[in-house]
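Undergrad: coordinates only, no sequence provided:
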């Protein structure tokens with residue numbers, strides 16, 4: 001993007017991209033984001049994280065506005081702390097997919113993320129998991145629930161964990177079993193994948209946000225590092241992968257910047273701001 005006009009919208013993944021390896025926002029990155037916002041250019045966070053994980057990031061970055069969460073399933077107003085839209089998986093599909101995966105892929109454990117109006121609503125209503133998932137996730141805040149309760153209401157995201165497979169292996173096996181019922185992706189390689197409703201990914205979520213803001217696709221610059229970022233990197237007018245990125249993200253990008261430990265996002269944005 002050297003030698004061209006400045007982007008009309010900046011979109012960035014969070015983990016492994018905007019955050020450093022300690023999961024913190026560096027001073028350089030925060031300062032650069034501040035200059036982007038001060039110029040009137042929207043800065044949209046596009047993440048696999050649910051809304052409940054966003055307030056800390058927004059506060060550290062100093063950027064408020066629209067965020068695309070849960071791999072494109074949710075549009076969240078960070079300033080008002082309100083979920084604006086949620087593309088949920090219906091209970092029938094949740095039930096069928098869990099049943100098929102349990103039958104065909106022994107050893108899976110499941111959890112769901114549900115959209116509530118506010119990121120600060122009762123966590124027990126936002127994140128429910130089976131006991132085996134809870135043990136492997138090592139998070140005492142998860143509400144353990146039976147499978148029927150997990151699949152009994154719409155969810156913005158179904159999480160599947162398998163201790164004997166990498167995330168890439170699990171995603172491939174899952175997609176083969178369930179076909180086009182849901183869309184599988186991942187942002188870690190620790191045997192955890194995330195399933196969204198058909199047609200939902202970071203590209204669809206970012207496209208909707210850009211349209212709402214009146215920004216053309218060609219004006220968007222997007223940053224990412226993992227397979228769940230690939231749709232966004234290929235959709236944006238200019239996709240930038242971090243040097244620490246997964247091979248799939250590197251292959252999808254128009255440009256590779258420095259790693260997240262070297263303020264790679266800031267290094268690119270400093271061309272204009």
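TA: Alright, I've got the coordinates. In this text, all values refer to a predicted model and were calculated from it rather than measured experimentally.

Undergrad: for the rest of this, base every contact and every neighbour count on C-alpha atoms.
TA: Noted.

Undergrad: just say helix, strand or coil for residue 134.
TA: Here residue 134 is recorded as helix under DSSP: H, G, I helix; E, B strand; the rest coil.

Undergrad: what about it, how many residues nearby?
TA: Residue 134 has 20 neighbouring residues, counting by other Cα atoms under 10 Å.

Undergrad: ok, now residue 67?
TA: Neighbour count for residue 67, taken as other Cα under 10 Å: 28.

Undergrad: residue 73 and residue 101: what is the separation?
TA: Separation of residue 73 from residue 101 (Cα to Cα, to the nearest Å): 22 Å.

Undergrad: out of those two, which sits in the busier spot?
TA: For residue 73 and residue 101, the more surrounded residue by other Cα under 10 Å is residue 73, and the numbers stand at 28 against 20.

Undergrad: the more buried one contacts residue 88, correct?
TA: Yes. Taking contacts as Cα atoms under 8 Å, residue 73 lies within contact range of residue 88: 6.9 Å.

Undergrad: overlap in contacts, those two.
TA: Common neighbours of residue 73 and residue 88 are listed as 156, 157, 196, 197 (criterion: Cα atoms under 8 Å, 6 or more residues apart in numbering).

Undergrad: drop anything exposed from those residues.
TA: Buried members of the shared contacts of residue 73 and residue 88, scored by 16 or more other Cα atoms under 10 Å, are 156, 157, 196, 197.

Undergrad: and the shared contacts of residue 73 and residue 88, which of them are in helices?
TA: Among those, DSSP state H puts none in helices.

Undergrad: keep only those of these that are in strands.
TA: Among these, the members falling in strands (DSSP state E) are 157, 196.

Undergrad: from the shared contacts of residue 73 and residue 88, which single one is nearest residue 15?
TA: residue 157 (17.7 Å; Cα to Cα).

Undergrad: pretty sure that closest one contacts residue 198?
TA: No. In terms of Cα under 8 Å, residue 157 does not count as a neighbour of residue 198; the distance is 11.4 Å.

Undergrad: any chance of the buried ones among the shared contacts of residue 73 and residue 88 in TSV, with distance to residue 55 and pLDDT too?
TA: TSV is the format used below for these (distance: Cα to Cα, whole Å; pLDDT from 0 to 100):
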residue	distance to residue 55	pLDDT
156	19	97
157	19	97
196	23	98
197	25	98
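
Undergrad: ok, of those residues, which one's closest to residue 226?
TA: residue 196 (16.2 Å).

Undergrad: the closest one reaches residue 156, doesn't it?
TA: Yes. At 6.8 Å, residue 196 counts as touching residue 156 under the criterion of Cα under 8 Å.

Undergrad: any common contacting residues for the two?
TA: Joint contacts of residue 196 and residue 156 (Cα under 8 Å, 6+ apart) are 73, 88, 89.

Undergrad: and residue 75, helix, strand or coil?
TA: Once three-state DSSP is applied, residue 75 turns out strand.

Undergrad: who's in contact with it?
TA: Neighbours of residue 75 in contact, by Cα under 8 Å, 6+ apart: 66, 67, 68, 69, 83, 84, 85, 86, 205, 209.

Undergrad: the fourth one: neighbour count?
TA: Other residues lying near residue 69 total 28 when counted by other Cα under 10 Å.

Undergrad: that one contacts residue 76, doesn't it?
TA: Yes. Counting by Cα under 8 Å, residue 76 is a contact partner of residue 69 at 6.9 Å.

Undergrad: could you list the domains of this protein?
TA: For the chain, the domain assignment from automatic domain parsing gives the residue ranges 9-85+201-269, 91-196.

Undergrad: please identify the most buried of the ones you listed.
TA: Of all the domains of the chain, domain 9-85+201-269 carries the top mean neighbour count, a mean of 21, counting by mean count of other Cα atoms under 10 Å.

Undergrad: now the strands for the chain?
TA: Using DSSP E, strands in the chain cover 9-12, 43-46, 66-69, 74-77, 82-86, 109-113, 127-129, 143-144, 157-161, 183-185, 192-196, 220-224, 238-241, 255-256.

Undergrad: name the helices or strands packed onto the first one?
TA: So that's strand 9-12. Here strand 9-12 touches strand 43-46, strand 220-224, going by 3 or more Cα pairs under 8 Å, 6 or more residues apart in numbering; DSSP states H and E.
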